[in-house]
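> just coords:
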């Protein structure tokens, strides 16, 4: 078996691409953000610490996108485990009307069905803009449902609008489960909301530190680097990462982040960074093995 190692010695984080600023570091993602990420993937690789949409794991659409936070697929599994732990088999699901919420809804429905641990009483999509009539209808569904557990994949902006209607209709006695996008939002931790959101279970982001990164960021300055500025005000920052060992195979160099098994008719190159075709060898009639094979 031959392994080819893809080296990522330097990862470049795009701050802006072709004069257009793009925010890669907010919880979730909407269609506009995803399209910007896809376009900028053609410029340089990107690293995000807060974009969780599982759609960004698609290597065909986002070949140069990396992140230091797990995708929503993992928190979907975590929520299903929580439901199983408390034996909650009947729940409602609310999601935001963007890629973040809609992909989470698709994953949740699929994983819950495969687990066989419960069912959804309803699935409602929270409107992006201000739509009082739709919010009244959604809260009315929640109020009339026998499901007392409500799972929400949405941003704090969606939750603020939703909770205003929840308070207006005075819907209490619900067990809320929050996605990472609004779990720790201070604006939702007020005395007025405690009678409604008190006891909420949420998925929080685990804190982690990259040794040496803080010192590097404090020392770096654009004037110290001669970056090409072909796009005018586009700014690029170089973040070097030197992992002590390969994360995929001991036979790969320490800076390898991904390993690929070469096809049967290929070998690894001497640098072990690509697959190259095997040379076809033939036995000569003058070769003893060739004569033996001919007989």
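On my side now, so go ahead. Keep in mind it's a predicted model, so treat the numbers as computed, not measured.
> CA only for contacts and neighbour counts going forward, please
Fine.
> What is the neighbour count of residue 121?
Other residues near residue 121 come to 18 when the count uses other C-alpha atoms under 10 Å.
> Could you do residue 91 as well?
21.
> how close does it get to residue 52?
Distance, residue 91 to residue 52, using C-alpha to C-alpha, to the nearest Å: 23 Å.
> same deal with residue 136?
From residue 136 to residue 52 the distance is 29 Å (C-alpha to C-alpha).
> quick one, which of the two is more surrounded?
Shown here are residue 136 and residue 52; by other C-alpha under 10 Å, residue 52 has more neighbours (27 against 16).
> Could you confirm that one falls within a helix?
No. Read with DSSP: H, G, I helix; E, B strand; the rest coil, residue 52 is coil and lies in no helix.
> surely it meets residue 65?
No. Judged on C-alpha atoms under 8 Å, residue 52 makes no contact with residue 65 at a distance of 11.7 Å.
> any idea of the mean pLDDT for the helix or strand where residue 217 lies?
Assigned by DSSP states H and E, residue 217 belongs to helix 213-219. Averaging pLDDT along helix 213-219 yields 78.
> do stretch 50-60 as well
80.
> and if you look at stretch 92-101?
Mean predicted confidence for stretch 92-101 is 92.
> try stretch 65-81
87.
> quick one: contacts of that stretch?
Contact with stretch 65-81 is made by 37, 41, 45-54, 56-57, 104, 107-108, 111-112, 117, 177, 179, 203, 205, as judged by C-alpha atoms under 8 Å, 6 or more residues apart in numbering.
> First-to-last residue distance for that stretch?
29 Å.
> cool, and stretch 82-95?
18 Å.
> buried stuff in it?
For stretch 82-95, burial by neighbour count (16 or more other C-alpha atoms under 10 Å) applies to 83, 88-95.
> In helices only, show me these.
Counting by DSSP state H, the part of the buried residues of stretch 82-95 found in helices is residue 83.
> show me the contacts for residue 266.
Contacts of residue 266 (C-alpha under 8 Å, 6+ apart): 275-278.
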